[in-house]
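Colleague: sequence-free structure coming up:
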């Protein structure tokens with residue numbers, strides 16, 4: 001596995017390096033380019049991916065039991081990290097949600113898919129696809145609601161008014177309903193429930209747009225790295241990496257094995273998925289809310305490097321606990 005991980009990480013770092021190099025050229029110099037790349041991904045390509053995924057998913061075949069053993073600990077950790085940083089009054093307002101999503105959202109497509117397919121074949125891939133299908137939908141939606149709640153509270157205080165729960169909830173629901181992550185999920189789910197297949201031309205169009213998500217996000221990381229740098233962000237980046245690579249997979253292992261009785265390939269798959277390094281979506285989320293971009297960029301790179309050692313370690317532990 002170590003060789004496979006190294007090859008995939010090398011490819012990812014190469015694409016990030018393309019973005020970093022582009023940011024140092026005359027054509028793409030300046031922070032506005034990184035922001036534009038992130039906006040393209042967040043407002044066009046990711047919505048296409050989310051709508052298509054939600055509209056096409058077969059709700060009857062989803063591994064609901066596996067969802068519980070992964071998303072229970074993931075959402076729980078997200079809320080704990082968010083609450084901790086809220087208590088510490090970390091600024092700006094959306095920073096607690098940004099740190100929470102960065103601690104729980106892994107690189108499921110560029111790393112998860114090829115590694116699980118190679119190691120476990122169809123047995124692992126069927127589980128992984130089910131988790132991936134609702135991975136972004138679940139975690140990004142929760143983080144979005146938390147960020148919008150904090151922004152609404154901050155806006156109420158800035159206006160000199162005492163934050164009122166009803167008013168805040170109204171604002172959050174309005175913003176969330178038209179959010180580029182939540183809206184395509186709602187529309188896709190509505191289409192799915194109608195039982196109407198996507199037209200071939202529309203499906204191909206959405207699929208083509210969705211294919212741009214991975215390379216564009218990686219290039220955006222390189223652009224952001226060149227613009228924000230990593231100076232002053234390494235300590236928090238290490239904290240993000242510890243939460244993502246150690247805390248989350250440990251929680252998933254406990255819940256999956258001792259709570260749900262998973263063993264063998266299903267257990268190894270969910271634990272490995274939980275141990276994946278920080279994905280690119282948290283950076284887009286950070287740039288969307290203009291909060292802690294340097295920390296998230298540094299966290300992505302730090303966790304990728306550490307995963308080459310920690311990832312195989314979790315597989316060994318899972319095989320020892322429940323072969």
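Modeller: Arrived safely. Worth saying up front: this structure is predicted, and the values here are computed from it rather than measured.
Colleague: can you give me the helices for the stretch 101-250 of the chain?
Modeller: Here the stretch 101-250 of the chain has its helices, by DSSP state H, counting those that start in this stretch, at 113-158, 165-177, 182-194, 200-211, 213-228, 234-242, 248-253.
Colleague: what's the first one packed up against?
Modeller: Here helix 113-158 touches helix 2-23, helix 46-56, helix 64-87, helix 95-104, helix 165-177, helix 182-194, helix 264-274, helix 281-288, going by 3 or more C-beta pairs under 8 Å, 6 or more residues apart in numbering; DSSP states H and E. For every residue, glycine as well, the C-beta is placed using N, CA and C.
Colleague: change it to 6 Å
Modeller: helix 64-87, helix 95-104, helix 165-177, helix 264-274 (3 or more C-beta pairs under 6 Å, 6 or more residues apart in numbering; DSSP states H and E).
Colleague: now do the fifth one
Modeller: Other elements packing on helix 213-228 under the criterion 3+ C-beta pairs under 6 Å, 6+ apart are helix 2-23, helix 31-40, helix 293-321.
Colleague: let's go with 8 Å and repeat that
Modeller: Against helix 213-228 (3+ C-beta pairs under 8 Å, 6+ apart) you get helix 2-23, helix 31-40, helix 281-288, helix 293-321.
Colleague: among those helices, which is nearest residue 272?
Modeller: Among the helices and strands packed on helix 213-228, the nearest to residue 272 by C-beta to C-beta is helix 293-321 (6.1 Å).
Colleague: distance to residue 82, mean pLDDT and mean neighbour count for the helices of the stretch 101-250 of the chain - can I get that in a markdown table?
Modeller: Output for the helices of the stretch 101-250 of the chain, formatted as a markdown table (distance: least, C-beta to C-beta, whole Å; pLDDT from 0 to 100; neighbours: other C-beta atoms under 10 Å):
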| stretch | distance to residue 82 | mean pLDDT | mean neighbour count |
| --- | --- | --- | --- |
| helix 113-158 | 6 | 82 | 19 |
| helix 165-177 | 15 | 69 | 14 |
| helix 182-194 | 17 | 85 | 17 |
| helix 200-211 | 29 | 92 | 14 |
| helix 213-228 | 22 | 82 | 23 |
| helix 234-242 | 13 | 92 | 18 |
| helix 248-253 | 14 | 97 | 23 |
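Colleague: out of the helices and strands packed on helix 213-228, deepest packed?
Modeller: helix 281-288 (a mean of 27; mean count of other C-beta atoms under 10 Å).
Colleague: run through who's touching that helix.
Modeller: Under the contact criterion C-beta atoms under 8 Å, 6 or more residues apart in numbering, helix 281-288 has outside partners 34-35, 38-39, 41-42, 46, 97-98, 101-102, 105, 136, 140, 143-144, 147, 217, 220-221, 224, 292-293, 295-297, 299-300.
Colleague: pLDDT value on residue 98, please?
Modeller: Per-residue pLDDT puts residue 98 at 96.
Colleague: quick one: residue 140 from residue 305, how far?
Modeller: 25 Å (C-beta to C-beta, to the nearest Å).
Colleague: ok, now residue 17?
Modeller: From residue 17 to residue 305 the distance is 14 Å (C-beta to C-beta).
Colleague: same question for residue 19.
Modeller: For residue 19, the distance to residue 305 (C-beta to C-beta) stands at 18 Å.
Colleague: contact partners of stretch 259-268?
Modeller: 65-66, 68-69, 119-120, 123-124, 127, 253, 256-257, 270, 315, 318-319, 321-323.
Colleague: which one of the helices of the stretch 101-250 of the chain lies closest to residue 13?
Modeller: helix 213-228 (9.0 Å).
Colleague: the closest one vs helix 46-56, what angle?
Modeller: Counting by axes from the mean of the first three to the mean of the last three C-alpha atoms, to 10 degrees, helix 213-228 lies at 150 degrees to helix 46-56.
Colleague: could you tell me how far helix 213-228 lies from the centre of the chain?
Modeller: 15 Å (C-alpha atoms, centre = their mean, to the nearest Å).
Colleague: give me the angle between it and helix 31-40.
Modeller: Using the same axes, to 10 degrees, helix 213-228 lies at 150 degrees relative to helix 31-40.
Colleague: for the residue nearest to the spatial centre of the chain, give its distance to residue 77.
Modeller: For the chain, residue 105 is the residue whose C-alpha lies nearest the centre (C-alpha atoms, centre = their mean; 3.4 Å). Distance of residue 105 to residue 77, given as C-beta to C-beta: 11 Å.
Colleague: what residues are shared contacts of the two?
Modeller: Common contact partners of residue 105 and residue 77 (C-beta under 8 Å, 6+ apart): none.
Colleague: run a quick neighbour tally on residue 59.
Modeller: Other residues within reach of residue 59, judged by other C-beta atoms under 10 Å, total 11.
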